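Engineer: A structural model of the following input is requested.
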Amino acid sequence: MTPDSLPSRPVKVPPHPQWPALSDAGKAALKARIRDLLTAQKAVLVAHYYTDEDLQSLAEETGGKVADSLEMARFGTETDAETLVVCGVRFMGETAKILNPEKRVLMPDLAATCSLDEGCPADAFSAFCDAHPDHSVVVYANTSAEVKARADWVVTSSIALPVVEHLAAQGRKILWAPDKHLGHYIERMTGAEMLLWNGACVVHEEFKSFALERVRRLHPNAAVLVHPESPDEVVDQADVVGSTSQLIRAVTELPNPEFIVATDAGIFWKMRQLAPHKILIPAPTAGEGATCESCAHCPWMAMNALQNLETVLKTGDQEIQIDPAIRERALIPIRRMLDFAREQGVSKVRGA
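Structural biologist: From the prediction side, this is the model:
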């Protein structure tokens, strides 16, 4: 079903934070202090592919993890660290806490949310579910703990397709939230009967199909990599559609010398690390009134920086707290996703 008439909430997008520039010596000293704090507090750093490259490199250098949201969730359950420091957006920190209630979970800034999370408030979503009691409720990981607690399944972009295929094979009707573009892509790929919440990612929705066509003509040997949170007319031009992990893998495995990448620019650090000889071209967001060719970087992800990472390790004042009753209910659909992923095996989970 088209999402045009379904619920949504306007999202106020924050400005990109302006962090003070650091000299090479200043950055090295700051990283050294953070390493000491991580060791002293038996803490580990978990960073998403969309965060700043300094955070991604520091996570790997200190025994942490750089990953998509599914692997971030898994890693938190596997490490023996007493504190998880999640560099990403709030739903990732909440997921870590849901899975690890005995651990302290910190974030550089608890105000780092997500347009999908912000646009799907728990009260309105619960009423939407109540109005359609015959649907299985599947929510994207980019949602609050309260929304997850109302769901039957939680999925990431790396496992959404096989989960929906599984439910469709059982004849289930599906209520999907919050990303209408990802939901419509899954609907098209699976043929499932889906009712879509009217939400969107402010980054991926800005990719422009007409501008992408122009870039493709300029780079005829480039493969186009698109995250399925993008609009249909952008997805339809893709050589590969998938989660962050699948897009990274495509850069390393496909023979193309160039890649046009339609997702958050933070992913380029890992792509360049794994395939330094490949040419990476940001997909265009430029349109009427645009101020840049590609503005594809989440302002909430940009709230994570070395400076406030050090601060939170010193103060501990940005700690994730979740009501125990909400945590217990939200744990059920998250565990269902992780168990399903394990049963399916990595090779069967497209985009894992």
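
Engineer: Sticking with Leu182, tell me its helix or strand.
Structural biologist: helix 180-190 (DSSP states H and E).

Engineer: In terms of secondary structure, what does that helix contact?
Structural biologist: Judged by 3 or more CB pairs under 8 Å, 6 or more residues apart in numbering; DSSP states H and E, helix 180-190 is in contact with helix 160-169, strand 173-177, strand 194-196, helix 232-235. To be clear about C-beta, it is placed using only N, CA and C from the backbone, and glycine gets the same treatment.

Engineer: And that helix, how far out from the chain middle?
Structural biologist: Relative to its parent chain, helix 180-190 has a centroid offset of 17 Å by CA atoms, centre = their mean, to the nearest Å.

Engineer: Kindly calculate the angle that that helix makes with helix 160-169.
Structural biologist: 60 degrees (axes from the mean of the first three to the mean of the last three CA atoms, to 10 degrees).

Engineer: Hey, what's the angle from helix 180-190 to strand 173-177? Just curious.
Structural biologist: Interaxial angle, helix 180-190 versus strand 173-177 (the same axes, to 10 degrees): 150 degrees.

Engineer: thinking again about what came up before, possible to save the helices and strands packed on helix 180-190 as TSV with mean pLDDT, mean neighbour count and distance to Thr83?
Structural biologist: TSV is the format used below for the helices and strands packed on helix 180-190 (pLDDT from 0 to 100; neighbours: other CB atoms under 10 Å; distance: least, CB to CB, whole Å):
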stretch	mean pLDDT	mean neighbour count	distance to Thr83
helix 160-169	96	20	30
strand 173-177	97	24	31
strand 194-196	97	22	38
helix 232-235	97	18	39
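
Engineer: and of these, who's closest to Val312?
Structural biologist: With respect to Val312, and counting by CB to CB, the nearest of the helices and strands packed on helix 180-190 is strand 173-177 at 30.0 Å.

Engineer: List the contacts of the closest one.
Structural biologist: Residues from elsewhere that reach strand 173-177 (CB atoms under 8 Å, 6 or more residues apart in numbering): 120, 125, 128-129, 132, 134-140, 143, 147, 164, 167-168, 183, 186-187, 192-197, 199.

Engineer: which of the residues you listed count as buried?
Structural biologist: Buried subset of the contacts of strand 173-177 (neighbour count, 16 or more other CB atoms under 10 Å): 120, 125, 128-129, 135-140, 143, 147, 164, 167-168, 183, 186-187, 192, 194-197, 199.

Engineer: still on that earlier bit, distance to Asp323 added to the helices and strands packed on helix 180-190, as JSON lines?
Structural biologist: Converted to JSON lines, the helices and strands packed on helix 180-190 look like this (distance: least, CB to CB, whole Å):
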{"stretch": "helix 160-169", "distance to Asp323": "26"}
{"stretch": "strand 173-177", "distance to Asp323": "21"}
{"stretch": "strand 194-196", "distance to Asp323": "28"}
{"stretch": "helix 232-235", "distance to Asp323": "37"}
